[in-house]
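>>> Have a look; sequence and predicted model below, questions after that.
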Amino acid sequence: MTTIDTANTDDSTTQQQSTGSVTSSTYTVTPVGSLHQNENKMRNSVDEGDTETTEGIRNPGWLTVLGTFIINFYTWGVLVSWGIFQVLQVVYNEKLYLDVYAGQTDEFRIAFVGTSASAIVLGMGLVSPWLVQYLGFRGMVALGAILCPLSMVLASFANELWMLYCTQGAMLGIGVGLCYTGSSTLPSYCFRRLRAFATGVAASGTCLGPMVFSPVIETLILHLGYRNALRVLGGIGIVLTGAGTILIRTCGISLHADQQQQDQQKAFDARSSNTKIFTWSYIFYLLHSFLAPFGYVAPIFVSPSYASAIGATPELASLCLSIVEGANGVARILFGWLGDHGCGRMNVVIATTFASGVFTMTLWQKADTVPVYMAYLVLFGLTSGVFSGLQPVIAAELVGYERIQQGVGLSYFLSMFGHLFGTSIVGMLHLDTGAWLAPILFAGTITLAASFAVLTTRILICRRVFVRL
């Protein structure tokens, strides 16, 4: 078995068969036993002095993982649970947004409140490198921790549709975006051997949050009304996001080094600092980041409609989202550990993305009964969202950890389009054809295309099959 380390970034490819090592555009293939030696160098290039942390339980980076998990748990919980307002409108005939803003909107236009918020979150990745320079990681998270609860409280007082777009749409999206892009890369700085596992644990909050907050929001609305429910959510947010911000540690990351430190860093890792960020391996990974969300988001959000169409009860149909998100949260932790200790991080992304496309193309097509469809949702949840949890790790290894925010931010930005348009495309295909075959083929095909894109990245790095990459 051979191990891939992210050592140097260069456009040339050199093979040294006699010594058993191969150097490619951004990776170095080295024999087992020298794992992470070069990775340590990159870590030191962004860390201050002797701020090296241990890999064990005493690593203060675990506080960062916990803080990031808590922040993701709340922010994505309230963000993804936006649809519960429409569900309660229809199922329980509650006086919600379609009644409050009667004459100003319809079901199609009101849905863009939640959609725009989700798009803004990932769109923040494009500006996150500059925000980090001015605010720092904790500054970004702290600002987002203020905006998220504040948006909930202000939305409770809204009496015009534009106010809802500004608060529960734009303000919430900016707040979640600041928290997410500001904290998602921190575990990669704090760990080496357990980097993917730590990132997966932190990212699992984005899946487990909606599982918990969906029934919580439903209960609050039914008992308190939607305005008071929003105020309670704001209060919960102040506690959770505040605690998460306090727990976060930056693990000695220096963003404002003096000239001497900058010169030492350049001399220490000259090859990396002189290399272009847009290598072919990174470009194909960006293609994967663009394609994969189209096949990931749509099957999740149409799952209640499809379950109802094949005979599921309303209660069971409403649980579909929780089933997928629960399996997704477990998968991010499990495959994060497997990526660190088993077959490698990029190999995990290739395998899970490909398996997700196969499950969609085969099992979903045959899912004309509720048990078969529920089995598909579990398998889809275990494979489909793994790529998202490992985005910070893979992108950083491709561009170098000294440029992690730029590499990850661009990857997040390209993921925005799938979140923004994926569900709409699937919905239009279903309406135009009157059947589910076209949406299924679209979601499955684009997911398989994403797996081949990241496979191309791996081939450009190393053509050998049995390599932990």
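Arrived safely. Predicted model, so just to flag it, every value in this text is computed and none were measured. Residues are numbered from 1 along each chain as shown.

>>> Tyr373 versus the nearest residue to Val370 once chain neighbours are set aside, what's the distance?
Take Val370 and drop its neighbours on the chain: the residue closest to it by CB to CB, 6 or more residues apart in numbering is Ala312, 5.0 Å away. Backbone N, C-alpha and C define where each C-beta goes, glycine included. Plainly put, Ala312 is 8 Å away from Tyr373 if you go by CB to CB, to the nearest Å.

>>> go on, Arg227?
Arg227 is 36 Å from Tyr373, by CB to CB.

>>> same deal with Gly103?
For Gly103 relative to Tyr373 (CB to CB), the value is 38 Å.

>>> now swap in Arg109 and tell me
From Arg109 to Tyr373 the distance is 30 Å (CB to CB).

>>> distance between the ends of stretch 391-410?
End-to-end distance for stretch 391-410, by CA to CA, to the nearest Å: 11 Å.

>>> Distance from the chain centre to it, please.
13 Å (CA atoms, centre = their mean, to the nearest Å).

>>> Rounded mean pLDDT for it, please.
Averaged across stretch 391-410, the pLDDT comes to 85.

>>> what does stretch 333-342 give?
pLDDT averaged over stretch 333-342 gives 87.

>>> CA atoms of it as PDB?
The C-alpha trace of stretch 333-342 is given here as PDB (Å, rounded to 0.1, in the frame of the first residue of the first chain):
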ATOM      1  CA  ILE A 333     -18.300  10.800  10.400                       C
ATOM      2  CA  LEU A 334     -17.800   7.200   9.200                       C
ATOM      3  CA  PHE A 335     -16.300   8.000   5.900                       C
ATOM      4  CA  GLY A 336     -14.200  10.800   7.400                       C
ATOM      5  CA  TRP A 337     -12.600   8.200   9.600                       C
ATOM      6  CA  LEU A 338     -12.200   5.800   6.700                       C
ATOM      7  CA  GLY A 339     -10.600   8.500   4.600                       C
ATOM      8  CA  ASP A 340      -8.000   9.100   7.300                       C
ATOM      9  CA  HIS A 341      -7.300   5.400   8.200                       C
ATOM     10  CA  GLY A 342      -8.500   3.400   5.300                       C
END
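
>>> Now the residue nearest to Val370: which helix or strand?
For Ala312, there is no enclosing helix or strand under DSSP states H and E.

>>> what residues are up against it?
Cys320, Val370, Tyr373 (CB atoms under 8 Å, 6 or more residues apart in numbering).

>>> now with 10 Å?
Ser303, Pro304, Tyr306, Ser318, Leu319, Cys320, Thr369, Val370, Tyr373, Met374 (CB atoms under 10 Å, 6 or more residues apart in numbering).

>>> Surely the second one touches Tyr373?
What it means is Pro304. No - using CB atoms under 10 Å, Pro304 is not in contact with Tyr373, being 11.2 Å away.

>>> Name the residues contacting each of the two.
By CB under 10 Å, 6+ apart, the residues touching both Pro304 and Tyr373 are Ala312, Cys320.

>>> How much space separates Thr241 from Ala307?
Thr241 is 33 Å from Ala307, by CB to CB.

>>> circling back to that earlier point, settle it for me: which of Arg227 and Tyr373 has more neighbours?
Tyr373 (21 against 13; other CB atoms under 10 Å).

>>> separation between that one and Ala435?
Taken as CB to CB, the span from Tyr373 to Ala435 is 16 Å.

>>> Quick one: residues contacting the nearest residue in space to Leu66 that is not next to it in sequence.
Nearest residue to Leu66, sequence neighbours excluded (CB to CB, 6+ apart): Leu247, at 5.5 Å. Contact analysis of Leu247 by CB under 10 Å, 6+ apart lists Pro60, Trp62, Leu63, Thr64, Val65, Leu66, Gly67, Thr68, Phe69, Ile70, Ile71.

>>> how about 7 Å then?
Leu63, Leu66, Gly67 (CB atoms under 7 Å, 6 or more residues apart in numbering).

>>> give me the element the residue most central in space within the chain is part of.
With distances taken as CA atoms, centre = their mean, Ser388 lies nearest the centre of the chain, 4.0 Å away. Using DSSP H and E, Ser388 falls within helix 386-389.

>>> got the contact list for that helix?
Thr199, Gly200, Ala203, Ala292, Ala331, Arg332, Phe335, Gly336, Val348, Val349, Thr352, Thr353.

>>> Could you give the separation of it from the chain centroid?
On CA atoms, centre = their mean, the centre of helix 386-389 falls 6 Å from the chain's centre.

>>> helices or strands next to the helix or strand that comes right after it in the packing?
Sequence-wise, the next helix or strand downstream of helix 386-389 (DSSP H and E) is helix 391-399. Judged by 3 or more CB pairs under 7 Å, 6 or more residues apart in numbering; DSSP states H and E, helix 391-399 is in contact with helix 186-190, helix 195-203, helix 280-301, helix 345-359, helix 404-433.

>>> With just CA atoms, put the helix or strand following the fourth one into PDB.
Tracing the chain past helix 345-359, the next element assigned as helix or strand by DSSP H and E is helix 370-384. The C-alpha atoms that make up helix 370-384 are tabulated as PDB, following Å, rounded to 0.1, in the frame of the first residue of the first chain:
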ATOM      1  CA  VAL A 370     -42.600   2.500   0.100                       C
ATOM      2  CA  PRO A 371     -40.200  -0.100   1.700                       C
ATOM      3  CA  VAL A 372     -38.000   0.000  -1.500                       C
ATOM      4  CA  TYR A 373     -38.000   3.800  -1.500                       C
ATOM      5  CA  MET A 374     -37.100   4.000   2.100                       C
ATOM      6  CA  ALA A 375     -34.100   1.600   1.500                       C
ATOM      7  CA  TYR A 376     -33.000   3.900  -1.300                       C
ATOM      8  CA  LEU A 377     -33.200   7.000   1.000                       C
ATOM      9  CA  VAL A 378     -31.000   5.300   3.500                       C
ATOM     10  CA  LEU A 379     -28.400   4.200   0.900                       C
ATOM     11  CA  PHE A 380     -28.600   7.600  -0.800                       C
ATOM     12  CA  GLY A 381     -28.100   9.400   2.600                       C
ATOM     13  CA  LEU A 382     -25.100   7.200   3.400                       C
ATOM     14  CA  THR A 383     -23.300   8.100   0.100                       C
ATOM     15  CA  SER A 384     -24.600  11.300  -1.400                       C
END
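
>>> which of the residues in helix 370-384 are buried?
Counting neighbours by 16 or more other CB atoms under 10 Å, one finds that the buried residues in helix 370-384 are Tyr373, Met374, Tyr376, Leu377, Leu379, Phe380, Gly381, Leu382, Thr383, Ser384.

>>> cool, stretch 416-426 as well?
Met416, Phe417, Gly418, His419, Leu420, Phe421, Gly422, Thr423, Ile425, Val426.

>>> Between which two of those residues is the distance greatest?
The distance between the two most remote of those (CB to CB) is 17.0 Å, for Met416 and Val426.
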